[in-house]
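Engineer: missing the sequence, but the structure's below:
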């Protein structure tokens, strides 16, 4: 039998974020600091072509080495979270990442492919472990709030990181990556300290065959949920691939795309806190109606891009799909934690992360190819179609998900 989850120490009588256990806030603060100093990916190509003197083709191949390792990071992290323990996996993965980031600026160029593969592999080990631990320590009714707060922290930190990154990069890439490594190590130390009172979280597999990823791969309901998450990621990545092409082809100023990204960040930072006191684990089909609404907002926002002819109109479409993004962030990962058996929460979180990573990887090339071959209207219409299909998918699986989570909680 698996070890029982650690009892959540919520504050009775309190509402909103104050209800969440102390351990969650160590995780929240660490995630904020880590993301605010997460400079590696935005500056990797510039570092390789600048400080290392590589041509663009070689730098792109090295970036692909990171991507290859990163694709397997979350499934591996999920396995380790359920076997070695949530805390050990999160802290170990973050420390390994910090060491490998430092190695980026110290090893010879010939060793960079191996370092980048290992860095990609270590980079997301902590995500399934922390997602599983949130599921362990936060009661079901408060999980949407917890995951919403994590999403808000990451986006607020991202808004601040640009200014800090520009200041450091102007002085030295070595300094930039040293700060990144220090922040990652600080996150690891914070988790180790904040969770020191928690058990080591090594859930034992249930008796009999079918444990681990074998059990997950027979869970058709969860696999359907992962497919919906992958579809959403594929649509969302158009914001970073084909949306800038639209800005260019409409002869808008180059600053317009930066403004649209700013609108996305501002809407998240300003609007999401308004929901914190209202977020709760919506019971029954209500949660899946909200998830369906989030997909419709996403589809309408991206679909409306085909009709936009000015920066103002594009900003309104970005606002629309950002509202859908906020709803997704509040309920998707909370639902993953609810659907997963306690002893498999790490693997479920890791596999869901893997599915969304596939959508993230496929989105830019697929969207760009459709944009160039069939035109912008076909691309944005396809986004609307896929999002509508995802909304119907959430409505279709909602009753079964509700029955399962209600039975598990009984």
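Structural biologist: The structure has been received and is ready for your questions. Here the structure is a predicted model, which is why all the values come from computation and not from measurement.

Engineer: quick one: low-confidence ranges for this structure?
Structural biologist: Counting by pLDDT under 70, the chain contains low-confidence ranges at 1-16, 195-211, 279-284, 406-410.

Engineer: which helix runs longest in it?
Structural biologist: helix 376-409 (DSSP state H).

Engineer: could you list every helix and strand that that one packs against?
Structural biologist: helix 220-236, helix 242-249, helix 286-303, helix 311-339, helix 345-374 (3 or more C-beta pairs under 8 Å, 6 or more residues apart in numbering; DSSP states H and E). In short, each C-beta sits where N, CA and C put it, glycine included.

Engineer: dump those to a markdown table, plus mean neighbour count.
Structural biologist: Output for these, formatted as a markdown table (neighbours: other C-beta atoms under 10 Å):
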| stretch | mean neighbour count |
| --- | --- |
| helix 220-236 | 20 |
| helix 242-249 | 18 |
| helix 286-303 | 23 |
| helix 311-339 | 22 |
| helix 345-374 | 21 |
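
Engineer: mind checking the ones you listed for the one nearest to residue 277?
Structural biologist: helix 311-339 (12.7 Å; C-beta to C-beta).

Engineer: those helices in the stretch 1-150 of the chain, which residues are they?
Structural biologist: Using DSSP state H, counting those that start in this stretch, the helices of the stretch 1-150 of the chain run over 22-36, 40-49, 56-71, 73-83, 86-104, 112-123, 126-137, 143-169.

Engineer: so of those, which one's packed in deepest?
Structural biologist: Across these, averaging neighbours per residue (mean count of other C-beta atoms under 10 Å) puts helix 126-137 on top, at a mean of 29.

Engineer: angle of that one against helix 22-36?
Structural biologist: 160 degrees (axes from the mean of the first three to the mean of the last three C-alpha atoms, to 10 degrees).

Engineer: now do helix 126-137 against helix 345-374, angle only.
Structural biologist: Counting by the same axes, to 10 degrees, helix 126-137 points 130 degrees away from the direction of helix 345-374.

Engineer: chain center to helix 126-137: distance?
Structural biologist: Relative to the centre of its chain, helix 126-137 is centred 13 Å away, using C-alpha atoms, centre = their mean, to the nearest Å.

Engineer: counting by contacts, list what it packs against.
Structural biologist: On a contact count with 3+ C-beta pairs under 8 Å, 6+ apart, helix 126-137 meets helix 22-36, helix 73-83, helix 86-104, helix 143-169, helix 311-339, helix 345-374.

Engineer: packing partners of the fifth one?
Structural biologist: Applying 3+ C-beta pairs under 8 Å, 6+ apart, one finds that helix 311-339 makes contact with helix 126-137, helix 143-169, helix 220-236, helix 242-249, helix 255-271, helix 286-303, helix 345-374, helix 376-409.

Engineer: which among the helices of the stretch 1-150 of the chain is found nearest to residue 358?
Structural biologist: Nearest of these (C-beta to C-beta): helix 56-71, 7.9 Å.

Engineer: what does that closest one contact?
Structural biologist: If you take C-beta atoms under 8 Å, 6 or more residues apart in numbering as the criterion, helix 56-71 is touched by 41, 44-45, 48-49, 52, 54, 112-113, 116-124, 354, 357-358, 361.

Engineer: alright, that wraps it up for me.
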